[in-house]
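In: what shape does this take:
(chains A and B)
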Amino acid sequence: MTPAALLAAFIAAPEGGEASFSVARMMAIIISAIFVNNFVLMRFLGICPFLGVSKQLDSAVGMGAAVIFVMVLASLGSYLVYHNVLVPHELVYLRTISFIIIIASLVQLVEMILQKFSPALYDALGIYLPLITTNCAILGVAVLNIEEKFSLGYALINAVAAGIGFTLALVLMAGLRERMETANVPASLRGLPIAFLIAGAMSIAFLGFAGLGG
Amino acid sequence: MSILAVNMALVLIGQQDSAVSAITGPAIVMGAIGLLLGLGLAFAAKKFAVPRDPRVEAIEAVLPGANCGGCGYPGCAAFASAVVEGKAPVSGCSAASSAANAEIARVMGSEVEDKEKEIAVVLCNGGRSAVNAFEYHGPESCKSAVLVMGGQKSCTYGCLGFGDCVAVCPFDAMRMGENGIPQIDPGKCVACGKCVEECPRDIITLWPENRKVIVACSSRDKGGIARKACSVACIGCRKCDKVCPVEAIVIDGFLARINPDKCINCGLCAKECPTGAIVDKMPVRPKAFIDSSCVGCTLCTKVCPTDAIVGSLKEKHEVVADKCIGCGQCVVKCPKKSIKMMGGALSQQ
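Out: Got it, this is the predicted structure:
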């Protein structure tokens, strides 16, 4: 495949989508996915690791990286399967189930790679790593790419940005919770309750981005 | 590539017959996707295989698999790896049967340690008896309090009483007592050591459960200073050291310490202690009884620390029940095995 053909494949939009590729649109997608429609704080997807792995900054960054990786691969896999297998054979109704097996396999792959190359991170993420399988943020990105009729290029950009948005939320939360360790929290709010309150306040703060970009 | 393969499969089956393809089509597509992903994973599993210690798997197989966390590890798998790494004791799983423990020991090539049961004890009895140096208004936590001029108590060794240990206990075995000292329920304590780590004063230690006499003080201050700060402080007077029949007490920096390996639970030191720093937790003490096989050798009368045994040479001796403290020294000394301990909480003595 020549580079030109590859590029054409990347920006070729599905039926009903935008045919051309513009930097402005790309920026709009990025800002939308990171801030305006942040997957955790605005769409409320992927809350489980958001509260589970946000106790330490290190593991939060690791989790974010794992989610970005899975999101990009899942977007690529699901996009190709959807447009090249499901649509031509009119099997669009298999979208959810086929996306889920793609995501589940990718998470398994990430787990193997992490265990091999970064056992420390693998241990730190613990049970939350296999739980990426059922992380609705990943499925959300894959489905959104289809719903928005993105081209493959846009879909991948959207996946990276959504992953960055997830990581941003996770890292902010971890930073706050590390500070919270030394704060004098009323006994009834210690632990998860105060984390939920913080999450709510952060979500309200992110409302401020509404109207920005696209 | 893989997508091409899926499409090829569909074309081969033939899409013309729509009645068949309504069922076979989706089945083939999902099957093909699943097969390809499965093959991919199988390849990746080979490629990225991490060599695991076969012992970990062998141990995991005999563990209960309940992932209760009673061992202090997140689950049975984590405990199994910890055992193999030598971090966790072979018999560390409290839920495993003795057969399972034996199997784990066999895998590890070691014997099951029949360890004496330990519980956590707080080596301080100050609490409300200890004088406050100043009023502390801050986070209700020992770790915070200790940062402010070393804590609000005059005694710089004692319990601060905010109960960080109580909060950290995963087995609900600790309660803050009315005297401001955490109380430990020996039935619930499994000696996991979480409280030992948590205490910023390092005054909680794991102690054999059947050693009932402890020095409930950690102050290394000189007698006068310690006494001023707390009415139940150890002042290093050495009275306990002198009275101990088995030399189980060591005075180290104005602080008495009992060696649990030597201690015989006689409780003499607790009786002798002028400040009450030594606590005797034995609920009922046994009494010695001499049966008719006594030959009157008088060895027991010599060893008795309280002169509770009376009797002249070559005649059967008697025990004065009021004086006997149940230390068991006479039982050890008697050449005829004529002395028995009766009653009391500890039958093995």
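In: next, the contact list for the residue nearest the centre of chain A, please.
Out: Chain A has A:Gly163 as the residue nearest its centroid, 3.7 Å off, counting by CA atoms, centre = their mean. A:Gly163 is in contact with A:64, A:67-69, A:71-72, A:141, counting by CB atoms under 8 Å, 6 or more residues apart in numbering or on different chains. Just so you know, the C-beta spots here come from the backbone N, C-alpha and C atoms, and that holds for glycine as well.
In: and chain A, which residues reach chain B?
Out: For chain A, the contact set with chain B under CB under 8 Å from any CB of the partner chain comprises A:80-81, A:84-86, A:88-89, A:91, A:94, A:97-98, A:101-102, A:105, A:108-109, A:112-113, A:115-116, A:119, A:126, A:184, A:187.
In: re earlier: surely the residue nearest to the centre of chain A is in a helix?
Out: Yes - A:Gly163: assigned to a helix according to DSSP: H, G, I helix; E, B strand; the rest coil.
In: let me see the confidence value for it.
Out: On pLDDT, A:Gly163 comes in at 94.
In: repeat that for B:Lys115.
Out: Looking at B:Lys115, its pLDDT stands at 60.
In: the residue of the stretch 51-200 of chain B found nearest chain A - how many residues pack around it?
Out: Using CB to the nearest CB, B:Pro139 is the residue of the stretch 51-200 of chain B that sits closest to chain A, at 4.1 Å. Using other CB atoms under 10 Å in any protein chain shown, B:Pro139 has 15 neighbouring residues.
In: I figured it hits A:Asn184, correct?
Out: Yes - B:Pro139 is in contact with A:Asn184 according to CB atoms under 8 Å; the separation is 4.1 Å.
In: all helices for the chain, in order.
Out: Defaulting to chain A. With DSSP state H, the ranges of helices along chain A come out as A:3-11, A:23-31, A:47-52, A:57-81, A:95-117, A:119-125, A:136-147, A:152-180, A:192-206.
In: looking at chain B here, not the other one
Out: When assigned using DSSP H, the helices of chain B occupy the ranges B:2-13, B:18-47, B:54-62, B:76-85, B:98-108, B:142-145, B:164-168, B:194-198, B:223-229, B:239-243, B:268-272, B:299-303, B:329-333.
In: any chance of JSON lines for the ones you listed, columns mean pLDDT and mean neighbour count?
Out: Compiled in JSON lines, the helices of chain B are given as follows (pLDDT from 0 to 100; neighbours: other CB atoms under 10 Å in any protein chain shown):
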{"stretch": "helix B:2-13", "mean pLDDT": "61", "mean neighbour count": "14"}
{"stretch": "helix B:18-47", "mean pLDDT": "82", "mean neighbour count": "14"}
{"stretch": "helix B:54-62", "mean pLDDT": "86", "mean neighbour count": "17"}
{"stretch": "helix B:76-85", "mean pLDDT": "85", "mean neighbour count": "20"}
{"stretch": "helix B:98-108", "mean pLDDT": "80", "mean neighbour count": "17"}
{"stretch": "helix B:142-145", "mean pLDDT": "89", "mean neighbour count": "18"}
{"stretch": "helix B:164-168", "mean pLDDT": "89", "mean neighbour count": "19"}
{"stretch": "helix B:194-198", "mean pLDDT": "85", "mean neighbour count": "18"}
{"stretch": "helix B:223-229", "mean pLDDT": "86", "mean neighbour count": "17"}
{"stretch": "helix B:239-243", "mean pLDDT": "88", "mean neighbour count": "18"}
{"stretch": "helix B:268-272", "mean pLDDT": "86", "mean neighbour count": "20"}
{"stretch": "helix B:299-303", "mean pLDDT": "83", "mean neighbour count": "17"}
{"stretch": "helix B:329-333", "mean pLDDT": "82", "mean neighbour count": "18"}
